[in-house]
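Enquirer: task: produce atomic coordinates for the following.
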Amino acid sequence: MHRFGSWLVLLVLATPALWAQPTVPTLSQPLPNQTVALGGSAVTVDLRNYFTIPGVTGQVAQFDTVLGKINVELLSSDAPLNVANFLNYVNRGAYTNSIIHRSAKLSDNVTPFVIQGGGFALQGNSIGAIAADAPVKNEFKISNTRGTMAMAKTAAGPDTATNQWFFNLGDNSANLDNQNGGFTVFARVIGTGMTVVDAIAAVPSYDASGANLLNDSNFTALPLLNPSLTAANLVLINSIATVPIYPASGASTSVLSFAGQSFNSSIASVKFDQSNLVITPSSTATGTATISVTASDTNGNVITGSFTVTVAASVAAPVITTPPASQYVTPGSNVTFSVVASGTPPLTYQWKLNGAAIAGATGATYTIVSAQFADAGIYTVTVTNSVNAITSNAAVLTVNPVVTPTASRITSLSIRIGAGTGDQTLIAGFQVSGNGKSLLIRGVGPTLANYSVPGFLVDPLLSLFNGNPTLINSNDNWSDAANASQIAATAAQLQDFALPAGSKDAALLATLNDGLYTAQVSGVGNTTGIALVEVYDANPTAASRLTGVSARTQVGTGANILIAGFAITGTAQMKVLLRGVGPTLASFAVNGVLADPQIAVYTSPGGFQIASNDNWSDNANAAQISANSGFPLPAGSKDAALLLTLNPGTYTVQVSGVGNATGVALVEVYEVP
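Expert: Numbering: from 1, shown residues only. Sure thing, here's the model as predicted:
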């Protein structure tokens, strides 16, 4: 195929067009009925969630011609270089006031073949060539079927396309897919834009003088609205521009536009803000109004949806009573997440994976058929009504090929916070079940400077006590320990960050028997500062295990709340008890306790909240919490606690004071049989 001159053409049987799915406006799901409070705030409905153009995912370019508008979807994933080339011309306005300079039929001089443009434009009262950029590489991939748009090129070779393009009026695949390397399809007509393309093709064609009516497909033919070569009679393209699908700020036009009305505006009035429908309830009258919304595209295709708005005296915000639960499955298993919520209906649901909305997941349950590794992650659901939206705690889905899970265990605890003196000494407690448990314990201060931690403890002292309490071992500078090389090797094996040789950080490698222990970090010479205490199971496959870890320190506000990290390893879910103890510490002669702690647990990494609690007695499973606790928490106390089933992984627990209160608190993580 050439830009001008002869075309090698064949008459072929028509085949189904590529992308047979209609691309006219569609109502993807019913518009939701709304209940709003009398005199309440306006409610916004994002119409993008309900009106769509099926199958259109790429950028859209709009041709504004004298015979109507043509919307095309640019196929960047299939022809990225050619799309970028086309947009270079579009963005600098090269196609403004350009013309359709060719209209061709097949060799029977009856069957429409192509219309072509992009080569010439009005320049004053004359027609001039559009300046061409360097040729673009051929990217033939998609067949030249009816409704596709392809780059024109010369007979000199496949990589000769520049500024000219053509619309396929029929199925030209038998011809254009098989010559000169195939012609690159880089866009497709959407909506009913082909009616405009066909209307252009139906305009009688004349030679370049505008004098002679042409019926011979071997010549370039100018489609003229009248047999006279004047600007008014040419098939003119006023402009080509990229446009959004939906109305958007800064965009003068879009593929879809919205209109609508309330059939009882005294109850609820409506207006449109870009792609949002804004509903304002009455402040004086209750009742029901029917709202109608119409979406139309630039070719006049329309779809209408309607719903009711009820203005009520009072409306309850949504409350999640049963959040989705974490699950641990083998590949190929079916997984169903569910949520139970209350509140004034209608309630709408949107499930998310790792914070991103899942298309079509808009019910109270979400099912994954034959879960695979790619489905693993953090699942949440946002429940919305006209008053508010609330997002559930996170549910973790783990997909593991292990058919017979082995028991999981707690393998580490770490906490970074200020290390003070007296009751504000940084203390980590842990429980060993079984004999011969190998543990790596570290008190890190100076090395925190490498992680931009200000005010670090310059010279930490690490002391290890048994439950009596009796001092078992201590360390000031880790490099001074006789087993310093073994400490470094164990940290590397556990993939913990290295401590520089000669640093004043402290560390111990201890083998302990069944019992309770504490690791305390203080400053040499009663100095204070930010420190990190870590307790790691150095041999997590041994029969002995860490069954409980805890940390006690001063809880501040902002960045100085108590944040502890812990890890669960293994191939099965594990039930754990998490506690944030404040007021009950006073019974153990601890001064300055946190009067009203609250606790929350998060995934790490990701930071998705799994659960939280203020007062432990308020939990539905408070009796189970009490039965599985270490020292008891008095009924009705303001201590906080959670009893959870967690997947293997890493987590953080945060303990803070209600109302930004401060004081000494204890965080605990216990294995529950």
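
Enquirer: what is the helix or strand Q598 falls within packed up against?
Expert: Element membership of Q598 [criterion: DSSP states H and E] is strand 597-604. Strand 597-604 is packed against strand 574-581, strand 609-613, strand 640-646, strand 649-657, with contacts defined by 3 or more C-beta pairs under 8 Å, 6 or more residues apart in numbering; DSSP states H and E. Every residue, glycine included, has its C-beta placed from N, CA and C.

Enquirer: how many degrees apart are it and strand 640-646 in direction?
Expert: Computed with axes from the mean of the first three to the mean of the last three C-alpha atoms, to 10 degrees, the direction of strand 597-604 lies at 20 degrees from that of strand 640-646.

Enquirer: adjacent strands (with direction) for strand 597-604?
Expert: Using DSSP bridges, the strands paired with strand 597-604 in its sheet are strand 609-613 (antiparallel), strand 649-657 (antiparallel).

Enquirer: show residues contacting the helix or strand encompassing I568.
Expert: Assignment of secondary structure by DSSP H and E places I568 within strand 562-569. For strand 562-569, contacts defined as C-beta atoms under 8 Å, 6 or more residues apart in numbering pick out 408-417, 540, 549, 551, 553, 555, 574, 576, 580, 604, 646-656, 665, 667, 669.

Enquirer: switch to 6 Å and redo it
Expert: Applying C-beta atoms under 6 Å, 6 or more residues apart in numbering, the external contacts of strand 562-569 come out as 408, 410-415, 540, 551, 555, 574, 646, 648, 650-655, 665, 667, 669.

Enquirer: which neighbours does it have in its sheet, and in what orientation?
Expert: For strand 562-569, the paired strands and their directions (DSSP bridges) read strand 409-419 (antiparallel), strand 649-657 (antiparallel).

Enquirer: quick revisit: which parts of the strand holding Q598 are buried?
Expert: By neighbour count on 16 or more other C-beta atoms under 10 Å, the buried set for strand 597-604 is 597-603.

Enquirer: what's the answer for stretch 30-43, then?
Expert: 31-38, 40, 43.

Enquirer: again with stretch 352-367
Expert: For stretch 352-367, by 16+ other C-beta under 10 Å, it's 352-353, 361-362, 366.

Enquirer: average model confidence for it?
Expert: Mean pLDDT, stretch 352-367: 95.

Enquirer: chain center to that stretch, what's the gap?
Expert: 11 Å (C-alpha atoms, centre = their mean, to the nearest Å).

Enquirer: okay, now I99: neighbour count?
Expert: I99 has 24 neighbours, counted by other C-beta atoms under 10 Å.

Enquirer: from Q123, how far off is it?
Expert: 11 Å (C-beta to C-beta, to the nearest Å).

Enquirer: same check, this time on A627
Expert: 88 Å.

Enquirer: what do you get for A498?
Expert: 70 Å.

Enquirer: ok, now L67?
Expert: 22 Å.

Enquirer: next, format the strands paired with strand 597-604 as a markdown table and append mean neighbour count, mean pLDDT and distance to N513.
Expert: Shown next, in a markdown table, are the strands paired with strand 597-604 (neighbours: other C-beta atoms under 10 Å; pLDDT from 0 to 100; distance: least, C-beta to C-beta, whole Å):
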| stretch | mean neighbour count | mean pLDDT | distance to N513 |
| --- | --- | --- | --- |
| strand 609-613 | 19 | 94 | 33 |
| strand 649-657 | 21 | 93 | 27 |
